[in-house]
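A.B. asks: Mind folding the following:
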Amino acid sequence: MNPSFLPAWRLAELVRDGELGCLELLDHYIARTERLDNRINAVVVRDFERARARARALDQTQPHGALFGVPMTVKESFDFAGHPTTWGFPDRRDHRAAEDALAVQRLESAGAVVFGKTNVPVALADWQSYNPNYGSTSNPWNVAHTPGGSSGGSAAAVAAGLSALELGSDIGGSIRVPAHFCGVFGHKPTWGLCPGRGQSLGPSAAVTDIAVIGPLARSARDLALALDVIAGPDPLDSAHTINLPPPRATEARGLRVAVWLDQPGHPTDAEQSALIERAARHLAAEGADVSFTARPDFGVTEAWHLFLTLLDAAWSARMPPEMLAARLAAKADLPAGQQGAGAVMLRATGMSHRDWLLANERRHQIRRAWGRFFQRWDVLLCPAFATTALPHMQSDNTWERNLQINGSSIEYGELLFWPGLIGVAQLPASVAPIGLSAAGLPVGVQIAGPLYGDRTTIAVADMLERSGFGFTAPPGWD
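C.D. replies: Predicted structure coming up:
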């Protein structure tokens, strides 16, 4: 039996049934990482001996927890005791985490065996996963392309069969885009559902606006298992519990599906939109009520610019003083008529608290518009990103990058549109793989749902998987 590409739930089942030992399974993934990771450079922090000691100990106990014996990695931005948490910054190379992040603790309490951390871009602020500390990570489907970011190493490791499960984070598509680029499943939870303690560059008690943590995996069922493990309040903050509602449907019949394939002014690869339409029509053929015209009642441009404004505010706490000063100087020189993504974000730099409160009020009005929309529809299917996996683009300044989509030139920052459409309202969204482009690159669909509708979006990803869509191993990684 080759466990390389089995889903985590199946691996846990094999261990519980005694068909595989915890150490045996871990050593299989370690051997693959040692043999194959030089091709993509995904698992950049390794603690094989700690993991082996843990696996040996688990082999002496009764199986317990939903992830018992599952070998996994986590994004470099999470604290992993004894190892640096750098977020790609060179001056963090000598940092050492004193304890594991809360989510890592919860995963190991559920029986998982964490054996390393995966690569990220500097400051977690790019769809290219490279940095001065660990170098560049490539996409296992085509090493000339990026696996995405900022959870790029996460998605690449899962897709290449180097890790059985991953823990990532998402503020502007950082789980959803890599899942789409690498052909795996990913879930961005409802904001605030999963505590992020231990995923910061310093002591941080406040939750960053829009930012979430969540799983990447090779099956929708794994997303549900991992979400159950990491969800729930931080015990240092609250003793209350969150009971997510059950999925609105577990079969396509009667499911109410809205589909948003493209948007004027935001070029989206036509081949990708066609694959999303195919998946939607497949659900319709199985009994779902599908609309290609239903839309929430708000101005799309306003919501898009609001996302950029709130994103810049959320990022501002990460900015070193010299970066903030440079942005404020650039803001002063910004021509009034510029409306690109970079200009909108620059105008938000250094906003007053009152301006943020006004933006937050408008965000909550948009959330209510989404809420009314999801009274009529169970989920929305839309692109996770405007195109398939980008080629490596590693110029110093992201705002200087441009690419062509459907014959149109698009600014790099404009690619935030599809992630931001959902992120502005802090909604949950799952990504499920639905096929390959003509160039052989994966395509995923973003499945958005109402606040705390996480089980519904994952259930729809599971419907698609059971219907024949889903994870396929990239060629050449057996």
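
A.B. asks: Look up how far Ala155 lies from the most centrally placed residue in the chain.
C.D. replies: Among the residues of the chain, the one closest to the centroid is Ile175, at 0.8 Å (CA atoms, centre = their mean). Taking CB to CB, to the nearest Å as the measure, Ile175 falls 8 Å from Ala155. In short, each C-beta sits where N, CA and C put it, glycine included.

A.B. asks: overlap in contacts of those two?
C.D. replies: Overlap of the contact sets of Ile175 and Ala155 (by CB atoms under 8 Å, 6 or more residues apart in numbering) consists of Gly168, Gly186, Leu216.

A.B. asks: For those, give me JSON lines that also has secondary structure, distance to Ala144 and neighbour count.
C.D. replies: Formatted as JSON lines, those follow (DSSP: H, G, I helix; E, B strand; the rest coil; distance: CB to CB, whole Å; neighbours: other CB atoms under 10 Å):
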{"residue": "Gly168", "secondary structure": "strand", "distance to Ala144": "23", "neighbour count": "32"}
{"residue": "Gly186", "secondary structure": "strand", "distance to Ala144": "23", "neighbour count": "35"}
{"residue": "Leu216", "secondary structure": "strand", "distance to Ala144": "22", "neighbour count": "33"}
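
A.B. asks: What segments of the stretch 51-200 of the chain are helices?
C.D. replies: For the stretch 51-200 of the chain, helices defined by DSSP state H, counting those that start in this stretch occupy the ranges 102-109, 152-159, 176-182.

A.B. asks: Which stretch among those helices is buried most, on average?
C.D. replies: Among the helices of the stretch 51-200 of the chain, the stretch with the highest mean neighbour count (mean count of other CB atoms under 10 Å) is helix 152-159, at a mean of 36.

A.B. asks: Just name the closest of the shared contacts of Ile175 and Ala155 to Ala313, please.
C.D. replies: In terms of CB to CB, no member of the shared contacts of Ile175 and Ala155 lies closer to Ala313 than Gly168, at 22.4 Å.

A.B. asks: Need the per-residue pLDDT for the closest residue to that closest one other than its chain neighbours.
C.D. replies: Among residues not flanking Gly168 along the chain, Ser151 sits closest, at 3.2 Å (CB to CB, 6 or more residues apart in numbering). You'll see Ser151 listed with a pLDDT of 98.

A.B. asks: So what's the residue count around Ser151?
C.D. replies: By other CB atoms under 10 Å, 38 other residues sit near Ser151.

A.B. asks: please begin residue numbering at 39 from this point
C.D. replies: That works, and once the first residue is 39, the last one we named lands at Ser189.

A.B. asks: my read: it touches Ile251, true?
C.D. replies: No - between Ser189 and Ile251 there is no contact under CB atoms under 8 Å: 9.7 Å.

A.B. asks: Remind me which helix or strand Gln413 belongs to.
C.D. replies: Gln413 is part of helix 391-414 when elements are defined by DSSP states H and E.

A.B. asks: Domain-wise, how is this structure divided?
C.D. replies: For the chain, automatic domain parsing gives the domain ranges 46-289, 338-398.

A.B. asks: Endpoints of the first one, how far apart?
C.D. replies: Just to be clear, that refers to domain 46-289. 23 Å (CA to CA, to the nearest Å).

A.B. asks: what about that domain, distance to the chain center?
C.D. replies: Centroid separation between domain 46-289 and its chain, computed with CA atoms, centre = their mean, to the nearest Å, is 10 Å.

A.B. asks: Assign Ile485 to helix, strand or coil.
C.D. replies: Under the three-state scheme (DSSP: H, G, I helix; E, B strand; the rest coil), Ile485 adopts strand.

A.B. asks: go on, Ile448?
C.D. replies: Ile448 ends up strand, using three-state DSSP.

A.B. asks: just to revisit the earlier point, which stretch among the domains of the chain is buried most, on average?
C.D. replies: Highest mean neighbour count of the domains of the chain: domain 46-289, a mean of 22 (counted as mean count of other CB under 10 Å).

A.B. asks: hang on, the earlier thing: same for the helix holding Gln413, what does it pack against?
C.D. replies: Packing partners of helix 391-414 (3 or more CB pairs under 8 Å, 6 or more residues apart in numbering; DSSP states H and E): helix 338-354.

A.B. asks: can you list contacts of the helix it packs on?
C.D. replies: Here helix 338-354 makes contact (CB under 8 Å, 6+ apart) with 163, 209-210, 246-249, 301, 303-304, 362, 379, 382-389, 394, 397-398, 400-401, 404, 451, 454-455, 458-459, 461-463.

A.B. asks: show me what contacts the residue nearest to the centre of the chain?
C.D. replies: Contact partners of Ile213, counting by CB under 8 Å, 6+ apart, are Ser189, Ser192, Gly206, Ser207, Gly224, His225, Lys226, Val250, Gly252, Leu254, Val469.

A.B. asks: Which of these sits closest to Leu52?
C.D. replies: Of all the contacts of Ile213, Leu52 sits closest to Leu254, with 20.9 Å by CB to CB.

A.B. asks: got a list of what Asn440 touches?
C.D. replies: Under the criterion of CB under 8 Å, 6+ apart, the contact list for Asn440 reads Ser447, Ile448, Glu449, Tyr450.

A.B. asks: Pick out the most distant pair among those residues.
C.D. replies: Top of the distance list for the contacts of Asn440 (CB to CB): Ser447 and Tyr450, 10.8 Å.

A.B. asks: So which of these two has more stuff around it?
C.D. replies: Tyr450 (22 against 10).

A.B. asks: residues in contact with the more buried one?
C.D. replies: Tyr450 sits next to Met431, Thr436, Trp437, Glu438, Arg439, Asn440, Leu441 when contact means CB under 8 Å, 6+ apart.

A.B. asks: let's see it at 10 Å
C.D. replies: By CB atoms under 10 Å, 6 or more residues apart in numbering, the contact list for Tyr450 reads 164-166, 378-380, 428, 431, 433, 435-441.

A.B. asks: same check, this time on Ala332
C.D. replies: Arg294, Val295, Ala296, Val297, Trp298, Phe411, Arg414, Trp415, Leu418.

A.B. asks: and for Ser189 and Ile251, which residues touch both?
C.D. replies: By CB under 10 Å, 6+ apart, the residues touching both Ser189 and Ile251 are Val112, Lys113, Ser115, Leu205, Gly206, Ser207, Asp208, Ser212, Ile213.

A.B. asks: Closest one to Val142 out of these, please.
C.D. replies: Val112 (5.8 Å).

A.B. asks: Tell me where the stretch 289-438 of the chain has helices.
C.D. replies: Counting by DSSP H, counting those that start in this stretch, the helices of the stretch 289-438 of the chain are 308-323, 338-354, 359-370, 379-386, 391-414.

A.B. asks: rank the ones you listed by mean pLDDT and give me the bottom one.
C.D. replies: Per-stretch mean pLDDT for the helices of the stretch 289-438 of the chain is lowest at helix 359-370 (a mean of 90).
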